[in-house]
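# requesting a structural model of the entry that follows:
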Amino acid sequence: MLASFTSVAWADLTQIWRLQNGEPFTVEYRDDATLRLTWNGQVLLFRDGSGYWVRRMEGFWQVVDLDDAQQSPLGPLLQSLLTEAGPLGPVAFRLTGSTGSQEQIAGITGRVYTASGRLPDGTTLADTVVLAADPELQRVQHALVQRLRRYGRLLGSGPLDLPPELERDGGLALLRYGNEIRLERLSRAPIDPLRLALPAPPMPSRLPWPVMPN
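Residues are numbered from 1 along each chain as shown. Next up is the predicted model:
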């Protein structure tokens, strides 16, 4: 019984989200320390306690250590590229009430709340959000938020400020925020190990670095 529970608890999980501009945002989760994020041509890979920006250009892989980039002249260039890729939703919001209704998203039933939030550019928005008491999704959410907080300056998002209902252990998981971001589907198929591995060593962050077109 314990072996069966452990297998389910730590199985690979891929989340496909839909952003307001229609583009997908994909989160591939193996465990709390191993995730891959893909959106609008950008790839962020988190593994072995570090974060990496990964891109293939003209047949070669480019890998940048995010911790090095935050302390080097490369930081502003990488921040520009990531900011141009567009926001992943609000960077801060608070629940302001419950509508008393439910909504099913990606096969998961959640409760609908009203919320007031802020986008990375400072725009404020009041909208409805859908939250679910789903331990698996909340675990992925917690791991993702911790990584985004660590590299918030590079992402141009600033500090993430989420409601306590989402922060606490055993709390709620986000399924939708207005039209900004919405969970579209889940997959529990095994993730190819190559997708979670570095395709090349990280580039020296203090050497001249070419501007890369989108």
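
# so which residue is dead centre in the chain?
The centre of the chain sits closest to residue 144, judged by CA atoms, centre = their mean, with a distance of 5.2 Å.

# kindly provide the distance from that one to residue 27.
6 Å (CB to CB, to the nearest Å). Placement of C-beta: from N, CA and C, glycine included.

# identify the contacts common to the two.
Residues touching both residue 144 and residue 27 (CB atoms under 8 Å, 6 or more residues apart in numbering) are 35, 37.

# for the longest strand belonging to the chain, name the packing helices and strands.
For the chain, the strand with the greatest residue count under DSSP state E is strand 92-105. Under the contact criterion of 3 or more CB pairs under 8 Å, 6 or more residues apart in numbering; DSSP states H and E, strand 92-105 touches strand 108-118, strand 124-132, strand 173-177.

# would CSV of these with distance to residue 91 and mean neighbour count be doable?
CSV is the format used below for these (distance: least, CB to CB, whole Å; neighbours: other CB atoms under 10 Å):
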stretch, distance to residue 91, mean neighbour count
strand 108-118, 6, 18
strand 124-132, 11, 19
strand 173-177, 11, 23
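
# closest to residue 152 out of those strands?
strand 108-118 (13.4 Å; CB to CB).

# tell me the first helix or strand C-terminal of the worst-scoring helix or strand of the chain on mean pLDDT.
The helix or strand of the chain with the poorest confidence is helix 2-9; it has a mean of 41 (mean pLDDT, DSSP states H and E). Remark: after helix 2-9, the chain's next helix or strand is strand 13-19, criterion DSSP states H and E.

# once you drop chain neighbours, what's closest to residue 75?
residue 69 (5.0 Å; CB to CB, 6 or more residues apart in numbering).

# likewise residue 163?
Among residues not flanking residue 163 along the chain, residue 95 sits closest, at 5.1 Å (CB to CB, 6+ apart).
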